[in-house]
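> The following comprises the amino acid sequence and a computationally predicted model.
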Amino acid sequence: MTNSTKLKKLFSQHFNSAVDVIVHAPGRVNLIGEHTDFNDGFVLPAAINYGTDIAGRKRDDNFVNVIALDWGNESVSFSLDDIQYDKKTLWVNYVAGTLKILRQSYPSLKGAELMVTGNVPQGAGLSSSASFEIAILKAYAELYDLPLDGIKAALIGQKSENEFVGCNCGIMDQLISAMGKQGHAMLLDCRDLSFKDVSIPETLSICIVNSNCKRDLVESEYNTRRTQCEQVAEYFDVKALRDVNENMLEQAKSNLDDTLYRRARHVVSENARTLAAVEALTNADTKLLSQLMHESHVSLQKDFEVSIPQIDILVAMMSEFLGEKGGVRMTGGGFGGCVVALVPNGLEHELITMVKQRYEAETGIVPSIYSTHTTQGAFRR
Ligand code: GLA
């Protein structure tokens, strides 16, 4: 049975009525451009074949009834007229927050029955929450025929994270989940939200390895990094670190606190690497990709300090294996989660075998490996 046939059947069993819509929104992997989005910089993510599926039906009143198949069929009801943060059932805040913000633009929206399921690993840096938010918005856009485009949807999802969930994230995850294009990565300018589809050479495949290390305090560390970047932007009296270049930063080095200097050095150099990576992908220049991804990882490890030892071990063994034939780095917000590799076709199997053997031997942890391909965003035509 396909996912959507199964979802339709379960929906009608649970809600005693047929579905109106079934939607899907993908998770993402970021190839390069990490912690640059909230600095008005550049990112290069791709939408992947792991995502969130939602079956939905309209209601005539203002109640929303949601059931989450992956949380032991837990179900929650709330009224759109009284949306509060739920401290007990954390997953429902992604639904409630998103609808609260959506309703600011469409105040007459009514309720819905929603059934949710997904396969984006949680806490792995592959944007399970953004894919959840975008799926909710897509379901509502279809149910209520809203003139919502992918960029508007992404902004609503981000606002809900910032104002309702409490994570000061940038726009990357929601925008790629909404607007990704199959076979491509997206060069996104996070200042004006313009983007360009960048074809991924057919000779390369994407391999994602989960270190299976989750860390606490991810959100507070993330918000601290963001504040540090804003402090440096303030020092230069510019809107964001996007407006600072290497020369400016070097000249100011002695006036800046060392931690702040290193945070900014990561962002400034990562923006340049992201633009260079677009050229490298376009020219299928794996040697350059390999170098840029390596530099990105070291910068995240030493300057931005968001890597962890297990991730560094994974990156080192994969990089030793790939040499100049492919690239590898940590991906996502950091503090655990996944590494992403661009691997020449034909080498994936050997790489995976090596990782399975060595990672467990060196860390005592069994990794998860996702065979990945790029997919289309939820709002992309
Ligand atoms: C998280 C955030 C994104 C981005 C990345 C780091 O995924 O949600 O906005 O900042 O971390 O690149």
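Yep, it's here.

> leaving aside the residues next to it on the chain, what's closest to Arg103?
The spatial neighbour of Arg103 that comes closest, neighbours along the chain excluded (C-beta to C-beta, 6 or more residues apart in numbering), is Leu109 at 5.3 Å. For the C-beta atoms, the positions are set from N, CA and C on the backbone; glycine is no exception.

> swap in Thr331?
Computed as C-beta to C-beta, 6+ apart, the closest residue to Thr331 that is not its neighbour in sequence is Val340, at 4.1 Å.

> Can you name the residues bridging to that neighbour?
Judged by DSSP bridges, the bridge partners of Val340 are Ile208, Arg329.

> And it, how far from Ser205?
11 Å (C-beta to C-beta, to the nearest Å).

> Over to Leu31?
Per C-beta to C-beta, Leu31 is found 12 Å from Ser205.

> Hmm, Asp20 and Lys58 touching each other?
Yes - counting by C-beta atoms under 8 Å, Asp20 is a contact partner of Lys58 at 5.9 Å.

> Give me the common contacts of those two.
Common contacts of Lys58 and Asp20 (C-beta atoms under 8 Å, 6 or more residues apart in numbering): Leu143.

> re earlier: what about Leu31 and Ser205, which has more around it?
Leu31 (30 against 20; other C-beta atoms under 10 Å).

> And the helices in this protein?
3-15, 92-105, 128-143, 150-160, 172-179, 218-236, 246-252, 258-282, 286-302, 309-322, 348-363 (DSSP state H).

> tell me, what's touching Leu31 and Ser205 both at once?
Contacts common to Leu31 and Ser205, judged by C-beta under 8 Å, 6+ apart, are Leu342.

> Enumerate every residue touching the closest residue to Lys214 other than its chain neighbours.
In space, and not counting its chain neighbours, Lys214 is closest to Gly123: 4.3 Å by C-beta to C-beta, 6+ apart. Residues in contact with Gly123, defined by C-beta under 8 Å, 6+ apart, are 214, 218, 336-337.

> just to revisit the earlier point, quick one: the residue nearest to Thr331 from Gly41, how far?
18 Å.

> now do Ile365
Between Ile365 and Gly41 the computed distance is 32 Å (C-beta to C-beta).

> More neighbours: which of these two?
Using other C-beta under 10 Å as the criterion, Ile365 and Gly41 rank with Gly41 on top: 27 against 15.

> Give me the spatial nearest neighbour of that one, chain neighbours excluded.
Closest to Gly41 by C-beta to C-beta, 6+ apart is Asn271, at 4.4 Å.

> I appreciate the help and will end here.
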